[in-house]
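J.: build me a structure from this.
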Amino acid sequence: MEKMLEVRDLRKTFGAVAAVDGISFEVSPGEIVGLLGPNGAGKTTTISMILGILEPSGGEILIEDRGHMNFAAVYAPLPGNLTVAENLRVFGLIYGVENFRERLEELLKQFDLAKYRNTKAGLLSSGEQTRLCLAKAMLNKPQLLLLDEPTASLDPSIAREIRAEIKDFTVRGRGAVLWTSHNMHEVEEVCDRVLFLSHGKILLEGDPKVLPQRHGKKTLEDLFVAVAREPLSL
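T.: Numbers count the residues shown, from 1 in each chain. Modelled structure (predicted):
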């Protein structure tokens, strides 16, 4: 099977500190892979290298089509002084989106943003801003979507809608998703496979529904706590 993303022996050091220490994994079409671990495990650093924001200290990152990759995160909101439509237009120009007006209307409808077309992004609620960020991330019809805590701080009903949209994205268009989250219930619901990072290394990998039992834990949350507190025991 073709791979949308392949990471081979990826490394990133900051002085004497190895933030990412020789990790390898892949993401296939139609697959949602969870990149999990406590704060400081190397998740955001890994995503930053895949995006090209950080230069790796070593290893390889192979992407099927970098022109059809996109990203969303709650800590990267869109410019608050631009309206919803203006934000999407700016990024549409950046991505070279063809038939932009038609694509704009599709996304405003898909993410329930039509009524906010002329509202400045800074005036939107957190849920509305998240929907706008995801609409931006879908502008160029990505094949690979990188999501760093996409539903953090959202109320449960909005988070459920966002998860459904992303799952539909993988099923409808055979897209691939790399997803970081601290919400283990969310991970169990959306992810086909998870990778647990600890101190920059992949400690565990597998199906989130069966992985805890394989390591003597009742739930994925129990396993997450063990990775954070006592990784050597695993």
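
J.: could you measure from the one residue sitting closest to the centre of the chain over to residue 133?
T.: By CA atoms, centre = their mean, the mean C-alpha position of the chain lies nearest to residue 147, the distance being 1.4 Å. Distance, residue 147 to residue 133, by CB to CB, to the nearest Å: 10 Å. Quick note: C-beta positions are derived from backbone N, CA and C, even for glycine.

J.: and the nearest residue to residue 154 once chain neighbours are set aside, how far from residue 233?
T.: Distance criterion CB to CB, 6 or more residues apart in numbering; nearest residue to residue 154, sequence neighbours excluded, is residue 127 at 5.4 Å. Note on residue 127: its distance to residue 233, by CB to CB, is 38 Å.

J.: right, and the helix or strand after the helix or strand of the chain with the lowest mean pLDDT?
T.: Taking mean pLDDT, DSSP states H and E as the measure, helix 156-173 is the helix or strand of the chain with the lowest mean score, a mean of 87. From helix 156-173 onward toward the C-terminus, using DSSP states H and E, the following helix or strand is strand 176-180.

J.: helices or strands up against the helix or strand following that next one?
T.: Later in the chain than strand 176-180, the nearest helix or strand by DSSP H and E is helix 184-190. Helices and strands touching helix 184-190, by 3 or more CB pairs under 8 Å, 6 or more residues apart in numbering; DSSP states H and E, are strand 32-36, helix 156-173, helix 220-229.

J.: let's see it at 10 Å
T.: strand 32-36, helix 156-173, strand 176-180, strand 193-198, helix 211-214, helix 220-229 (3 or more CB pairs under 10 Å, 6 or more residues apart in numbering; DSSP states H and E).

J.: all helices for the chain, in order.
T.: 43-51, 84-95, 100-110, 126-138, 156-173, 184-190, 211-214, 220-229 (DSSP state H).

J.: picking up where we left off before, buried ones in the least confident helix or strand of the chain?
T.: If you call a residue buried by 16 or more other CB atoms under 10 Å, then helix 156-173 has these buried ones: 158, 159, 161, 162, 163, 165, 166, 169, 170.

J.: and these, which is closest to residue 16?
T.: Distance to residue 16 across those (CB to CB) is lowest for residue 166, with 37.7 Å.

J.: quick check: beta-bridge partners of the nearest residue to that closest one once chain neighbours are set aside?
T.: Leaving out its chain neighbours, the residue that sits closest to residue 166 by CB to CB, 6+ apart is residue 177, at 6.2 Å. Beta bridges link residue 177 to residue 32, residue 145 when assigned by DSSP bridges.

J.: can you give me every residue that contacts residue 143?
T.: By CB atoms under 10 Å, 6 or more residues apart in numbering, the contact list for residue 143 reads 4-5, 29, 63-70, 173-176.

J.: need the buried ones from those residues selected in PyMOL.
T.: To isolate the buried ones among the contacts of residue 143 in PyMOL, judged by 16+ other CB under 10 Å, type:
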select buried, resi 4+5+29+63+64+68+69+70+175+176
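
J.: distance check, the closest residue to residue 63 other than its chain neighbours against residue 167.
T.: Among residues not flanking residue 63 along the chain, residue 5 sits closest, at 5.7 Å (CB to CB, 6+ apart). Distance of residue 5 to residue 167, given as CB to CB: 18 Å.

J.: now stretch 124-132: how far from the chain's centre is it?
T.: 16 Å (CA atoms, centre = their mean, to the nearest Å).

J.: what average pLDDT does that stretch get?
T.: Summarised as a single mean, pLDDT over stretch 124-132 is 91.
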